[in-house]
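Chemist: no sequence for this one, just the structure:
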Ligand code: HAM
């Protein structure tokens, strides 16, 4: 049943072991890092009013224009599945009366109706962080360092971090004008999409993948030339602080982000193992106005599918959780006693597997092998009579007969 009406929708996937175990490890690692930074979890609805995203991300962005799953709900409201986390989190924090200084993280599914391809899904998952507060190079540097710490905790080497600036909000009109002015002589060389972008989202031209546009973009002066000294100084300060924090980040004048809420610092992290969709994370400082309130902060989101892909190289098997012990029964009486023993072990925190289907000893040993259990404990009538078991180390093959109570204590202590 891999196709047809029982297959998941395009760009959506079922998740199961061993990948689900790797996901868990990644999420737990993230929680551990967040607790060191005083970042607390926030959970917001997956479905929001469309206006929340349109206002926060920008009406003209690709995400809002083309990629949202939007529909009218039963109450006649226009709603959308969240395409990212920041907008909903800011809405929630505004409503909860949260102030500058609030530090939150979120994990969960996001939805974008993009053309599915390797590393690009319609339902994907992000781990994101938002640190509220006014512009401050120190806060931005801390946020990038927090992201780098996550990669380190996950053991994901080879990540490249590029940083640039969108300039303070007051500089945005002059950047736009400056860009349009320098593009003017090259108008005819731009692709049809970029022709359109000139009146909607000129900055996106800097990111166009079409060869003709790239040639034009290569020759443009860096956008910092159209920014104030304050904006340029801010970027320099962030870069200096990142050096002090030991975060290897490169300044890239061609870096742009696809969402409108950014001002000052923007960044992206890429991984070489990912191919065309190589961005593992993106973020920046933002200023969001919704519902009459203004929220300033800095944050980022990591794409979990991409982290998992880069970590496992397609082989997640090695991350699978294994039981500590597998109980093998010789005969029906031992099977029932094993069920009782398994419950005791599990309630004591020992991961334990056993066969309840009445299979042969040989089949049970095969199951133990497949489970990659560290130990196997065998009991038959003789062992039951002596309140003992045969405990076998699956790595060395060494087998010891010992009282069940001793085996229980050893397994609980990590054997
Ligand atoms: P974003 O760059 O749109 O930023 O997404 C962040 C990450 O989510 C990307 O780098 C990528 O790893 C992953 N991602 C995005 N779209 C897909 C997709 N279709 N399939 C798989 N992975 C995907 C944001 O979403 C901002 N909210 C980040 C932020 C937080 N900025 C400030 N605070």
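Modeler: Yes, it's here. Computed from a predicted model, the values in this text were never measured in an experiment. Numbering: from 1, shown residues only.

Chemist: residues near whatever residue of the chain ends up closest to the ligand, how many?
Modeler: Closest residue of the chain to the ligand, Cβ to the nearest ligand atom: residue 303 (2.2 Å). (Each C-beta comes from the backbone N, C-alpha and C, glycine too.) Neighbours of residue 303 under the rule other Cβ atoms under 10 Å: 24.

Chemist: right, and it touches residue 279 too?
Modeler: Yes - between residue 303 and residue 279 there is a contact under Cβ atoms under 8 Å: 7.0 Å.

Chemist: what parts of the stretch 151-300 of the chain come near the ligand?
Modeler: Applying Cβ under 6 Å from any ligand atom, we find that the stretch 151-300 of the chain lies next to the ligand at 258, 279-284, 286, 299-300.

Chemist: filter those residues to the buried ones?
Modeler: Neighbour counting over these (16 or more other Cβ atoms under 10 Å) leaves 258, 280-284, 286, 299-300 as the buried ones.

Chemist: next one: residue 287, what pLDDT does it get?
Modeler: Looking at residue 287, its pLDDT reads 96.

Chemist: burial count for it?
Modeler: By the measure other Cβ under 10 Å, the count of residues near residue 287 is 16.

Chemist: for it, name its beta-bridge partners.
Modeler: residue 296 (DSSP bridges).

Chemist: residues in contact with the residue of the chain closest to the ligand?
Modeler: 119, 124-126, 279-281 (Cβ atoms under 8 Å, 6 or more residues apart in numbering).

Chemist: for it, name its beta-bridge partners.
Modeler: Counting by DSSP bridges, residue 303 is bridged to residue 126.

Chemist: residue 85 versus that one, what's the distance?
Modeler: Here the criterion is Cβ to Cβ, to the nearest Å. By it, residue 303 lies 12 Å from residue 85.

Chemist: what sits in contact with each of those two?
Modeler: By Cβ under 8 Å, 6+ apart, the residues touching both residue 303 and residue 85 are residue 126.

Chemist: what's the average pLDDT for the host helix or strand of residue 177?
Modeler: Per DSSP states H and E, residue 177 falls inside helix 172-183. Per-region confidence: helix 172-183 scores 95 on mean pLDDT.

Chemist: now do the buried residues in it.
Modeler: Across helix 172-183, burial judged by 16+ other Cβ under 10 Å covers 172, 175, 178-179, 182-183.

Chemist: need the contact partners of the helix or strand that it is followed by.
Modeler: Counting by DSSP H and E, the next helix or strand C-terminal to helix 172-183 is helix 192-197. Counting by Cβ under 8 Å, 6+ apart, helix 192-197 makes contact with 187, 204-205, 208, 210, 213, all of which sit outside it.

Chemist: show me the residues of the stretch 151-300 of the chain next to the ligand that map onto strands.
Modeler: Here DSSP state E is the test, and those give 279-284, 286, 299-300 as lying in strands.

Chemist: tell me which stretches of the stretch 51-200 of the chain form strands.
Modeler: Secondary structure of the stretch 51-200 of the chain (DSSP state E, counting those that start in this stretch): strands at 70-72, 78-81, 103-111, 123-132, 160-165.

Chemist: out of the contacts of helix 192-197, who's nearest residue 150?
Modeler: residue 204 (27.9 Å; Cβ to Cβ).

Chemist: pLDDT at the residue nearest to that closest one when sequence neighbours are not counted, what is it?
Modeler: Nearest residue to residue 204 in three dimensions, chain neighbours excluded: residue 197, at 5.0 Å (Cβ to Cβ, 6 or more residues apart in numbering). Looking at residue 197, its pLDDT stands at 89.

Chemist: ok, residue 197 to residue 213 distance?
Modeler: The span separating residue 197 from residue 213 equals 10 Å under the rule Cβ to Cβ.

Chemist: same check, this time on residue 178
Modeler: Residue 178 is 18 Å from residue 213, by Cβ to Cβ.

Chemist: what residues are up against the residue sitting nearest the centre point of the chain?
Modeler: Among the residues of the chain, the one closest to the centroid is residue 304, at 3.0 Å (Cα atoms, centre = their mean). By Cβ under 8 Å, 6+ apart, the contact set of residue 304 is 23, 26-27, 107, 124-127.

Chemist: need these in a markdown table (columns: pLDDT).
Modeler: Listed next are the contacts of residue 304 as a markdown table, based on pLDDT from 0 to 100:
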| residue | pLDDT |
| --- | --- |
| 23 | 94 |
| 26 | 95 |
| 27 | 97 |
| 107 | 98 |
| 124 | 98 |
| 125 | 98 |
| 126 | 98 |
| 127 | 98 |
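
Chemist: so how many other residues sit close to residue 404?
Modeler: With other Cβ under 10 Å as criterion, residue 404 counts 19.

Chemist: look up how far residue 376 lies from it.
Modeler: Distance from residue 404 to residue 376, by Cβ to Cβ: 14 Å.

Chemist: could you do residue 20 as well?
Modeler: Residue 20 sits 25 Å away from residue 376, going by Cβ to Cβ.

Chemist: ok, residue 270 next?
Modeler: 45 Å.

Chemist: flag the shaky bits of this protein, pLDDT-wise.
Modeler: Scanning the chain for pLDDT under 70 picks out 1-3, 415.

Chemist: domain assignment for it?
Modeler: For the chain, automatic domain parsing gives the domain ranges 3-168+227-312, 322-414.

Chemist: packed most tightly, which of those would that be?
Modeler: Of all these, domain 3-168+227-312 has the most neighbours on average by mean count of other Cβ atoms under 10 Å, namely a mean of 18.

Chemist: from the chain's centroid, how far away is that one?
Modeler: 8 Å (Cα atoms, centre = their mean, to the nearest Å).

Chemist: report the contact partners of residue 71.
Modeler: Listed by Cβ under 8 Å, 6+ apart, the contact partners of residue 71 are 78-80.

Chemist: related to what we said a few turns ago, which residues do residue 197 and residue 213 both contact?
Modeler: Common contact partners of residue 197 and residue 213 (Cβ under 8 Å, 6+ apart): residue 205.
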